[in-house]
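Here is the input, now give the coordinates:
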Amino acid sequence: MIDFTLPKDLKRLRERIRNVVEQEIIPFETDPRWTDHGPTDEMRRDLNKVAREADILAPHVSKQYGGLGLSHVGRAIAFEAAGYSILGPLALNCAAPDEGNMHLMQEVATPEQQARWLGPLARAETRSCFAMTERGGAGSDPELMQTTAWQDGNDYVINGKKWLISGANGAAFVIIMAKIVGGDLDGQATMFLSDMERPGISVDRTLDTLDSSFPGGHCEIGFDNLRIPKSDILGEAGEGFRYAQIRLAPARLTHCMRWLGSAARAHDIARDHAVTRMAFGKPIGEHEGVGFMLADNEMDIEVCRQMIWRTAWMLDQGDQANTQSSMAKVVCSEAIWRIADRCVQILGGLGLTRDTVVERIFREVRSFRVYDGPSEVHRWSLARKCLHNAKGSVGRRV
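Below is the predicted model of the structure:
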């Protein structure tokens, strides 16, 4: 029998996180340090202090590094509660890209690398970034990656450009994806760790984007004969694409968790407005046009939550859950966008203003349908799997 009962400890944790978010994090939403390119690091540190004092910092990180050591199901509960404010995941140190980098480094980094980079990151002393995407190249199709690394003695020399690198401004270190040139691993992708303050790395531009929730913004960065010692390869050389899947499958899902919390916040605001706003002799929520939108929100929220929980459960069982996380990413990103859109509509003119957080949630969640694979790429991949599974079964069913 499938048991959907949440353990009491997770219920208590959810309540604790939700209380901290509502009472102490939401007031930061009007802080002028939240800029067009994300919250400043000073603001981030103040937010982290709140979570640290409440003992809810880094819920996904192992207890060895000061986190709560939650399972994937536990993260689903905690991250959704944190996401009730866009700033909540940042406060808890479980926001992208740091959360995905922490997960990856716990899985494949050496003890020395973990002590040098993961420890300070898990304690919210530093930030990081992940450099894979390239303009006109590696993004949805990582095979198009042009950034190269060639071995020179005990070093690798990296050249190339990356773009839309979240959090690059002010990051302490970066995980770089590059293709090996020459030797037995020619053309194979490899991940490298590097401090950002190293000769050969430049942050060339901060992009103006629709969203503004990532500290350090989204940047173009360049590598010009960047020398990385062989000891700073993350995992094994030539295994970059495999490690990307280790990072991306859970990361897709944690995005769903966080943004579901924000969608629930927008829905609560729209619902409360629908109860009090009068039009044509009664609250607008009693008009079917508005009531049906609220009902659709409720259904979208429930579908997202169930998909997230099931995929998280599969990850906890040791399943890679690549197909399920891909499905969840499409379903949740599109449903959460619909929820935010309906909430703007229900609020009417108010929804177009910044008098509520709904307008910001609307802008922020639109990007979710693009990063970590746009919906179209996931659908294409799922269709290929569907057709592959059909081969050999044609004619068996009547």
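
can you give me the strands for the stretch 51-200 of the chain?
Applying DSSP state E, counting those that start in this stretch to the stretch 51-200 of the chain gives strands spanning 128-131, 148-152, 155-166, 173-180, 189-195.

Which strands or helices does the fourth one pack on?
Looking back up the chat, that one is strand 173-180. In terms of contacts (3 or more Cβ pairs under 8 Å, 6 or more residues apart in numbering; DSSP states H and E), strand 173-180 is packed against strand 128-131, strand 148-152, strand 155-166, strand 189-195, strand 218-229, helix 240-276. Backbone N, C-alpha and C define where each C-beta goes, glycine included.

which helices and strands does the helix or strand immediately after the longest one in the chain pack with?
Okay, so that is helix 240-276. Per DSSP states H and E, the first helix or strand lying C-terminal to helix 240-276 is strand 278-279. Here strand 278-279 touches no other helix or strand, going by 3+ Cβ pairs under 8 Å, 6+ apart.

Quick one: the strands of the stretch 51-200 of the chain as CSV, columns for mean neighbour count too.
What follows is these, written out as CSV (neighbours: other Cβ atoms under 10 Å):
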stretch, mean neighbour count
strand 128-131, 27
strand 148-152, 17
strand 155-166, 22
strand 173-180, 25
strand 189-195, 23
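
and Leu207, how many neighbours?
Residues lying near Leu207 (other Cβ atoms under 10 Å) number 12.

Revised request: answer the last question for Arg305.
18.

Find the nearest non-adjacent residue to it, please.
Leu260 (6.5 Å; Cβ to Cβ, 6 or more residues apart in numbering).

Could you measure from that neighbour over to Leu6?
Taking Cβ to Cβ, to the nearest Å as the measure, Leu260 falls 16 Å from Leu6.

Give me the more crowded residue out of those two.
Neighbour tally, Leu260 and Leu6, criterion other Cβ under 10 Å: the higher count belongs to Leu260, 26 against 15.

how close does the more buried one sit to Pro32?
Counting by Cβ to Cβ - Leu260 and Pro32 are separated by 28 Å.

what does Glu22 give?
Distance of Glu22 to Pro32, computed by Cβ to Cβ: 21 Å.

now do Ala54
Ala54 is 24 Å from Pro32, by Cβ to Cβ.

higher neighbour count, these two?
Set side by side, Ala54 and Pro32 show more neighbours around Ala54, with 18 against 7, by other Cβ under 10 Å.

Quick check: nearest residue in space to the more buried one, chain neighbours excluded?
Nearest one to Ala54, counting by Cβ to Cβ, 6+ apart, is Val20 at 4.8 Å.

State the three-state secondary structure for that neighbour.
What DSSP: H, G, I helix; E, B strand; the rest coil gives for Val20 is helix.

Now do the contacts for it.
Val50, Ala51, Ala54, Ile56, Ala91 (Cβ atoms under 8 Å, 6 or more residues apart in numbering).

export the helices and strands packed on strand 173-180 to CSV and tack on mean pLDDT?
Converted to CSV, the helices and strands packed on strand 173-180 look like this (pLDDT from 0 to 100):
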stretch, mean pLDDT
strand 128-131, 98
strand 148-152, 97
strand 155-166, 98
strand 189-195, 98
strand 218-229, 98
helix 240-276, 95
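
Distance to Val344 for the ones you listed - can I get that in TSV?
As requested, the helices and strands packed on strand 173-180 are exported to TSV (distance: least, Cβ to Cβ, whole Å):
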stretch	distance to Val344
strand 128-131	31
strand 148-152	45
strand 155-166	25
strand 189-195	40
strand 218-229	24
helix 240-276	8
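
between the ones you listed, which one is nearest to Asp341?
helix 240-276 (9.6 Å; Cβ to Cβ).

got the angle for the closest one vs strand 189-195?
Computed by axes from the mean of the first three to the mean of the last three Cα atoms, to 10 degrees, the angle separating helix 240-276 from strand 189-195 equals 70 degrees.

angle of helix 240-276 against strand 173-180?
Using the same axes, to 10 degrees: helix 240-276 against strand 173-180 is 130 degrees.

so how far is helix 240-276 off the chain centroid?
8 Å (Cα atoms, centre = their mean, to the nearest Å).

Return the set of buried residues in that helix.
Neighbour counts over helix 240-276 (16 or more other Cβ atoms under 10 Å) mark 240, 243-244, 246-267, 269-271, 273-274 as buried.

try stretch 40-48
With burial defined by 16+ other Cβ under 10 Å, the residues of stretch 40-48 counted as buried are Thr40, Asp41, Met43, Arg44, Leu47, Asn48.

now, the most widely separated pair of those residues?
The span of those, defined through Cβ to Cβ, is set by Thr40 and Asn48 at 12.7 Å.

Would you mind measuring from the nearest residue to Pro283 once chain neighbours are set aside to Arg52?
Using Cβ to Cβ, 6+ apart and skipping the chain neighbours, the partner closest in space to Pro283 is Val275 (5.5 Å). The gap separating Val275 from Arg52 is 37 Å, by Cβ to Cβ.

One more: Thr276?
Thr276 is 37 Å from Arg52, where distance means Cβ to Cβ.

what's the closest non-adjacent residue to Asn154?
Closest residue to Asn154 apart from its sequence neighbours, by Cβ to Cβ, 6+ apart: Lys230 at 5.1 Å.

in terms of contact, does that neighbour touch Val157 like I think?
No - taking contacts as Cβ atoms under 8 Å, Lys230 lies outside contact range of Val157: 11.6 Å.

what's the overlap in contacts for these two?
Gln151.

what is the orientation angle of the helix or strand encompassing Gln345 with helix 240-276?
Assigned by DSSP H and E, Gln345 belongs to helix 322-347. Angle, helix 322-347 to helix 240-276, by the same axes, to 10 degrees: 30 degrees.

what's helix 322-347 packed up against?
Applying 3+ Cβ pairs under 8 Å, 6+ apart, one finds that helix 322-347 contacts helix 240-276, helix 288-316, helix 358-366, helix 375-390.
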